[in-house]
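1. turn this into a model:
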Amino acid sequence: MNKLVKTSLALACIATSSTALSQEIEEVVITAKNNQSIEDVLQTIHVFNLDDIEASQAQSIPALIDQIPGISFRDSGGRGSTTGVFLRGASSSQTIVLIDGVRVGSATLGAAALNSYPIEAIERIEILKGPFSGVYGADAAAGVIQLFTKKGGNGLGSVQASVGSDSLEEFDVSFNAGDARNSLHFSAHSETTDGIDRTTIQSGGNDDIDGFKETAFALGGKLSFGEFTSASINLLATDSTVDFDNTFGTDPGLQTESETLSSALSLNTQLSDSIDWNITLGSNKDQAETNGAFPSDLTTNRDTAGTELIFTLGGESVLTAGVDYYEEDIKSPTTTFPITNRDNKGAFTQFTTRAGALGFAASLRYDDNSAYGTETNGSIAMSYQLSDSIDATVSYGTAFSAPSFNFLYFPFFGNPDLLPEESESFEVKLDGNTGDISWYVAAYKSDFENLFSFDSNTFLAANVGEAEIEGVEASLSTALAGWDLTLAADLLSATNKQTGIELDDRAEQTIALLASKNFGKLDLEFKAKSENGRYDRSGTELASYTLFDINASYQINDSLSLFAKVDNLFDKDYTVNLISATERYNTQGRQAKICLRLNF
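-> Down below sits the predicted model:
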């Protein structure tokens, strides 16, 4: 069965051509392990390739993947602000972010900030939904988001310049060399914008405009040794400065300066016709320094190493066995942590097979962490081909999320006796492809316990929370009168099991529509997204809203292309994050951008 739906809304949303779709289906989903193609992966998966990313003209990674059903974002006042991702209602700390196979993010916060990584440096994004602690260990309760940096491309490179609303200026340059077997890529990115006033607070100097600037450099390459062995190296460095308001008092010009550095070295070799061997070494640095009366300077350094063997057992049966290790070290001249280092050793195995109409996948993993002890988790999934055009899949898995250094050791708050958060999840899914119509419907339920929270009796962090998350997400894609159309919907119920109160920052109902069409040298794309039932931390239900976006691209000649876009076309004033009963974080109004790119 040709499961176009496995690419889900991600590919359909960007409205790639049928040729591009067929090529995408043949590609291996690296994050899913076991050398699986998109049509073989049983879990719900979304994939963006380079054409998808460029066609979207998205300003950031959150803006791109926000079109996927089952994902919500919360920002804190426009471009560059603190952003939280909620995958199927779970928090940011319950989703792993990888860059080229390397775990990234802050060990003090326990999460990665997706808006810290420039979309201009990324050539592919894979998003797996569901519990994946059976493969990846801690923090994969909701899923895995993996970013792949550029490693080469067509032509020698490109230069492009963009201008837009709020004095936005962007410059990008890239250089490529080599071919499919041996390649080299270098790119540089610069962005500055005056931004918006991040909050509605008008006192104490908070009535200023809060800007954002970012520079980034990426280096990637691949080298083949004979027919069966290759090595790749990838490096992504970012440096950004974000202005923000003081929600607790006077704003003397508050800023956060952030630096990230992610590097990965991978070696892949085919030992025989049935055995592949992969080795990955990586490092990640995440630093954030904030000025003001209560300054903060926190740095995470994480070194990782992993290796795995992939056995093709015959037919469509594949077994992967691997071990990995990572060590996290934090440094802070402003905060004294009693313990600043921890390490994790893990071993996992995953088996996938297909026999006729039946598909099967199972994983099991053991982790031993120096801070919180041992964990064993796994998952199982089974699919059945109901007809030539419809598949049914059921899956179950357990997962855990590790307590961050802040929860464990932050002065006068941390609790070194915290246990990991535990969860179990169920999913039932139908997906199909009939003629020009591709669709899927997935119903899921996740129960979380030992959630990290604040104990008002001890004034310390504690495992006191429980949550229940239930949802249904669906997507339907078709072609009509030359237009590629996608309709996606998401229904979510996320509640605190002890109080029955809705969890904050998750929209209960979301619906999105995308329409795109090619007119020869001109491509047009329209987007609409509506949210309802989003609650803030205070329990206040926020007003529903609908946003409309439009973008276009025109190929002037073989080398020169023009891009234009308008987000929030009707300048809607909406709210996704409250500060108090009377103040809120502002959201961006109408945003226009125009870009000229020269390929050489």
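
2. what about the strands in the stretch 1-150 of the chain?
-> 45-48, 71-74, 84-87, 95-99, 102-103, 122-129, 143-149 (DSSP state E, counting those that start in this stretch).

3. what does the stretch 151-300 of the chain give?
-> 157-164, 168-178, 183-196, 210-225, 229-243, 255-272, 275-290, 296-314.

4. does residue 440 touch residue 428 like I think?
-> No - in this structure, residue 440 is not within contact of residue 428 by CB atoms under 8 Å, at 11.4 Å. All C-beta spots, glycine's among them, are computed from the backbone N, C-alpha and C.

5. the more surrounded of those two?
-> residue 440 (25 against 14; other CB atoms under 10 Å).

6. tell me what that one is bridged to.
-> Bridge pairing for residue 440 (DSSP bridges) gives the partners residue 431, residue 475.

7. give me the contacts around stretch 531-541.
-> 72, 501-510, 542, 544-546, 576-578, 580-581 (CB atoms under 8 Å, 6 or more residues apart in numbering).

8. so where's the stretch 1-150 of the chain shaky on pLDDT?
-> For the stretch 1-150 of the chain, the stretches flagged by pLDDT under 70 are 1-26.

9. now do the chain
-> For the chain, the ranges with pLDDT under 70 are 1-26, 153-154.

10. chain neighbours aside, what residue packs nearest to residue 407?
-> residue 461 (4.6 Å; CB to CB, 6 or more residues apart in numbering).

11. help me confirm that residue 408 is found in a helix?
-> Yes - checked against DSSP: H, G, I helix; E, B strand; the rest coil, residue 408 lies within a helix.

12. list the residues that contact it.
-> Applying CB under 8 Å, 6+ apart, the residues contacting residue 408 are 339, 371-372, 414-416, 418, 461.

13. quick one: which of these is most hemmed in?
-> Within the contacts of residue 408, neighbour counts (other CB under 10 Å) peak at residue 461, which reaches 23 neighbours.

14. enumerate every residue touching it.
-> Residue 461 neighbours (CB under 8 Å, 6+ apart): 403, 407-408, 410, 413-415, 418, 452-455.

15. sorry, back to before: using a markdown table, lay out the strands of the stretch 151-300 of the chain together with distance to residue 203 and mean neighbour count.
-> Below are the strands of the stretch 151-300 of the chain laid out as a markdown table (distance: least, CB to CB, whole Å; neighbours: other CB atoms under 10 Å):
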| stretch | distance to residue 203 | mean neighbour count |
| --- | --- | --- |
| strand 157-164 | 30 | 17 |
| strand 168-178 | 28 | 17 |
| strand 183-196 | 18 | 19 |
| strand 210-225 | 15 | 19 |
| strand 229-243 | 17 | 19 |
| strand 255-272 | 20 | 17 |
| strand 275-290 | 21 | 19 |
| strand 296-314 | 23 | 17 |
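
16. now render the strands of the stretch 1-150 of the chain as TSV, adding distance to residue 227.
-> Output for the strands of the stretch 1-150 of the chain, formatted as TSV (distance: least, CB to CB, whole Å):
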stretch	distance to residue 227
strand 45-48	27
strand 71-74	40
strand 84-87	39
strand 95-99	28
strand 102-103	27
strand 122-129	24
strand 143-149	24
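
17. residue 116 is nearest to which of those?
-> Of all these, it is strand 95-99 that lies closest to residue 116, at 9.7 Å by CB to CB.

18. identify all contacting residues around the closest one.
-> Contacts of strand 95-99 (CB under 8 Å, 6+ apart): 31, 85, 87, 103-105, 111-112, 114, 117, 132, 136, 138-149, 234, 236, 262, 264, 284.

19. which neighbours in the sheet does that strand have, and how are they oriented?
-> strand 102-103 (antiparallel), strand 143-149 (parallel).

20. right, and the ones you listed - which one's nearest residue 528?
-> Of the strands paired with strand 95-99, nearest to residue 528 by CB to CB is strand 143-149, at 24.3 Å.

21. between strand 255-272 and the closest one, find me the angle.
-> 90 degrees (axes from the mean of the first three to the mean of the last three CA atoms, to 10 degrees).
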